[in-house]
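>>> Coordinates for the following, if possible.
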Amino acid sequence: MDTIWVPEVDATLKPKYKAVVLAIRDAITSGALGQGDKLPPVRDLGWKLGMTPGTVARAYTILTDEGALVAEVGRGTFVAATKSEPLPIYADMEMDVIAHLTGGDNYDVNLFSPHLPNGGQTSLIRNLLTQIAQEPPSGFMHYPSRRGATAAREAMAHWLRDIDLGPVVEGDIVLSHGGQNAIMLIFQTILKGRRPVILVEELCYPGFRRVATALRADVVSVAMDGDGLCPDALAATAERYPEAQIICTSPEVHSPTCGFSPLARRREIVDVARRFDLQIVEDDCYRIGAAQAPAYRSIAPERGWYLTSLSKSITPALRLGCALGPRDRTAALHRAAEHGFFGLATPITDLAAVLLTHPQIDEVMERTRRSVGDYVKVAVNTLGGYDLRWREDVPFVWLNLPEGWRASAFCRAAETRGVRVRAAEEFAARHAQTPHAVRMAINAGVSLSSFEAAMARLRDLLDNPSDEIGV
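The predicted model follows:
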């Protein structure tokens, strides 16, 4: 039934949403709220308590996750019929992930792109979307706006808080449709002239080349070593191409090689960039563990650009990312987004505002990291006798093939055994000389036993090469 109940909230308790949670729990325990009672709408209760709707919505979400409340789209939020236990870590998974728990096995395993494990984000996002659908802070009838996305940018700043990006306030952050869109926005902001040149690592994320092609820019590769871009090679290339305007790099987690650029190397790259007036675009989309060194935006605030997304840490489904640039270029970066698509859909920014600051999100991400680590350990235990590069908190591994194997032949042979992997040439320029190596992404959409069986088939292929070798 409907209720006009208003909680007695302890005004001294901080943060405020916890006070609301405790008040509702006490009311349910005491019987002031009974099974099936309808709670006041978020906006109404927020007004009566002198709190923002977001504060009340967060309290409702926590209690819904616990099973104390149940949210019904179009009807409201009610006291649950029975008090249930908190949702299990892997509640409401897709069928392929359920196989991970039930022991179901797949023979065909696709290792092209990472498939994240579900550390609880599925249930969390579902519950938050239910709350937002009932009382969307941005409403249903308004265009996106910079002001309307303030809470989402504040949440993104909170999510980035452990990375040394230099000074960051919410106004510095430009929200994007994932990391690829963030690259586009940054390139659009920086590039000028009829035929600009973009410098990339000799093996790099293919999305850099795709955006450059869309913007009619030329791409030139720069030699790498174990620490990333080679400073001398970068200087020589910049001198040879005076039209060069951007260096693209992934110093924290290099895809595809799992490499890392230490601080000393980053400072050398900054010295070259200052000498040739190059902007540095840092792609940090693959990192799911702690950052190990300051970002270029911190080391060189006048030319450092940074981008990331939720795709490799929470879910790729939301297409939510962000871009940051030097302070004096922030307005232009915002304009690139607003002129291109006005802004993200308001339900997505409403979701981001609560998801990225939710009390459970750090635990969800930690469970995800641990699960990725379990798959990496399987790969290392099976293929570790070969030249395998890996990190426990990186959702792929890099295999340098034994002498005699060509990457293309290995990929074809692996596919006949039900395993799809990516050759090094897919990360290089068309006519580049590439190593005979493959990248294998972590696919937590299949059971650990399926993944282990796939690794075993690759090990058998390496141990017992057929006539396909070297073709």
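
>>> just for the stretch 201-350 of the chain, where's the confidence low?
The stretch 201-350 of the chain contains no residues with pLDDT under 70.

>>> how about the helices in it?
For the stretch 201-350 of the chain, helices defined by DSSP state H, counting those that start in this stretch occupy the ranges 206-214, 231-240, 263-276, 296-299, 330-341, 346-355.

>>> what would these look like in JSON lines with mean neighbour count?
Quick note: C-beta positions are derived from backbone N, CA and C, even for glycine. Formatted as JSON lines, these follow (neighbours: other CB atoms under 10 Å):
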{"stretch": "helix 206-214", "mean neighbour count": "17"}
{"stretch": "helix 231-240", "mean neighbour count": "17"}
{"stretch": "helix 263-276", "mean neighbour count": "18"}
{"stretch": "helix 296-299", "mean neighbour count": "22"}
{"stretch": "helix 330-341", "mean neighbour count": "17"}
{"stretch": "helix 346-355", "mean neighbour count": "23"}
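
>>> Residue 112: which of the ones you listed is closest?
Proximity to residue 112 (CB to CB) singles out helix 206-214 among the helices of the stretch 201-350 of the chain, at 11.8 Å.

>>> Just the CA coordinates for the closest one, please, in CSV.
In CSV, the C-alpha atoms belonging to helix 206-214 read as follows (Å, rounded to 0.1, in the frame of the first residue of the first chain):
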residue,chain,number,x,y,z
PRO,A,206,44.4,0.0,-34.4
GLY,A,207,41.8,2.6,-33.4
PHE,A,208,44.5,5.4,-33.7
ARG,A,209,44.9,4.6,-37.4
ARG,A,210,41.2,4.4,-37.9
VAL,A,211,40.5,7.8,-36.5
ALA,A,212,43.5,9.3,-38.4
THR,A,213,42.0,7.9,-41.6
ALA,A,214,38.6,9.4,-40.9
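
>>> list the helices and strands it packs on?
Where contact means 3 or more CB pairs under 8 Å, 6 or more residues apart in numbering; DSSP states H and E, helix 206-214 is packed against helix 178-190, strand 197-201, strand 218-222.

>>> hmm, who's touching the first one?
Which is helix 178-190. The contact list for helix 178-190, computed with CB atoms under 8 Å, 6 or more residues apart in numbering, reads 174, 176, 198, 207-208, 210-212, 214-215, 217, 245-246, 279, 281, 283, 285, 305, 307-309, 311, 316, 319-323, 325, 329, 332-333, 336-337, 340.

>>> just the angle between that helix and helix 330-341, please?
Here helix 178-190 points in a direction 120 degrees away from that of helix 330-341 (axes from the mean of the first three to the mean of the last three CA atoms, to 10 degrees).

>>> I'd guessed residue 135 sits against residue 52; true?
No - if you go by CB atoms under 8 Å, residue 135 and residue 52 don't touch, sitting 11.5 Å apart.

>>> The two: which is more packed in?
Using other CB atoms under 10 Å as the criterion, residue 135 and residue 52 rank with residue 135 on top: 21 against 17.

>>> Residue 440 falls within a helix, correct?
No - read with DSSP: H, G, I helix; E, B strand; the rest coil, residue 440 is strand and lies in no helix.

>>> Please work out how many residues are found near it.
The burial count for residue 440: 26, using other CB under 10 Å.

>>> Please apply the same query to residue 245.
Counted with other CB under 10 Å, residue 245 comes out at 20.

>>> Now do the same contact list for the nearest residue to it once chain neighbours are set aside.
Nearest residue to residue 245 in three dimensions, chain neighbours excluded: residue 196, at 5.1 Å (CB to CB, 6 or more residues apart in numbering). Listed by CB under 8 Å, 6+ apart, the contact partners of residue 196 are 215, 217-218, 243-246.

>>> pLDDT score for residue 196?
Looking at residue 196, its pLDDT is 97.

>>> Then residue 369?
Value for residue 369, per-residue pLDDT: 94.

>>> next SSE after the strand or helix carrying it?
Per DSSP states H and E, residue 369 falls inside helix 361-383. Downstream of helix 361-383, the next assigned helix or strand under DSSP H and E is strand 387-389.

>>> quick one: buried residues of that following strand?
Going by neighbour count (16 or more other CB atoms under 10 Å), the buried part of strand 387-389 is 388-389.

>>> could you point out which element follows it?
strand 396-400.

>>> What residues does residue 108 make contact with?
For residue 108, the contact set (CB under 8 Å, 6+ apart) comprises 418-420.

>>> JSON lines for these, including distance to residue 24 and neighbour count?
Shown next, in JSON lines, are these (distance: CB to CB, whole Å; neighbours: other CB atoms under 10 Å):
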{"residue": "418", "distance to residue 24": "51", "neighbour count": "15"}
{"residue": "419", "distance to residue 24": "50", "neighbour count": "24"}
{"residue": "420", "distance to residue 24": "49", "neighbour count": "16"}
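
>>> Just give me the closest of those to residue 151.
So of these, ranked by how close each gets to residue 151 (CB to CB), first place is residue 420, at 40.7 Å.

>>> any idea how far residue 111 is from the closest one?
6 Å (CB to CB, to the nearest Å).

>>> domain assignment for this protein?
16-79, 109-119+361-463, 145-343 (automatic domain parsing).

>>> How far does the second one sit from its chain's centre?
On the basis of CA atoms, centre = their mean, to the nearest Å, domain 109-119+361-463 is displaced by 19 Å from the centre of the chain it belongs to.

>>> now do the shortest one
Computed by CA atoms, centre = their mean, the separation of domain 16-79 from the middle of its chain amounts to 31 Å.

>>> For it, measure first residue to last.
End-to-end distance of domain 16-79 (CA to CA, to the nearest Å): 21 Å.

>>> Next, work out how far apart residue 439 and residue 156 are.
Computed as CB to CB, the residue 439 to residue 156 distance reads 28 Å.

>>> same question but for residue 296, I mixed them up
For residue 296, the distance to residue 156 equals 19 Å [CB to CB].

>>> and residue 170, what does it touch?
Neighbouring residues of residue 170 by CB under 8 Å, 6+ apart: 150, 153-154, 156-157.

>>> Compare these and tell me which is most surrounded.
For the contacts of residue 170, neighbours tallied by other CB under 10 Å; top is residue 156, 27 neighbours.

>>> Report pLDDT for that one.
Listed pLDDT for residue 156 reads 97.

>>> doesn't residue 322 make contact with it?
Yes - taking CB under 8 Å as the definition, residue 156 is a contact partner of residue 322 at 5.2 Å.

>>> what touches both of the two?
With CB under 8 Å, 6+ apart, residue 156 and residue 322 have common neighbours 173, 175.

>>> re the thing from before, of all the helices of the stretch 201-350 of the chain, which lies closest to residue 166?
Of all the helices of the stretch 201-350 of the chain, helix 296-299 comes closest under CB to CB, at 4.0 Å.

>>> Name the residues that touch that closest one?
When contacts are defined by CB under 8 Å, 6+ apart, helix 296-299 is touched by residues 164-166, 249, 251, 263, 266-267, 269-270, 280, 282, 303-306, 324-326.

>>> got a list of what the most centrally placed residue in the chain touches?
Centroid-nearest residue in the chain, with CA atoms, centre = their mean: residue 310, separated by 2.5 Å. Going by CB under 8 Å, 6+ apart, residue 310 touches 316, 318, 320-321.
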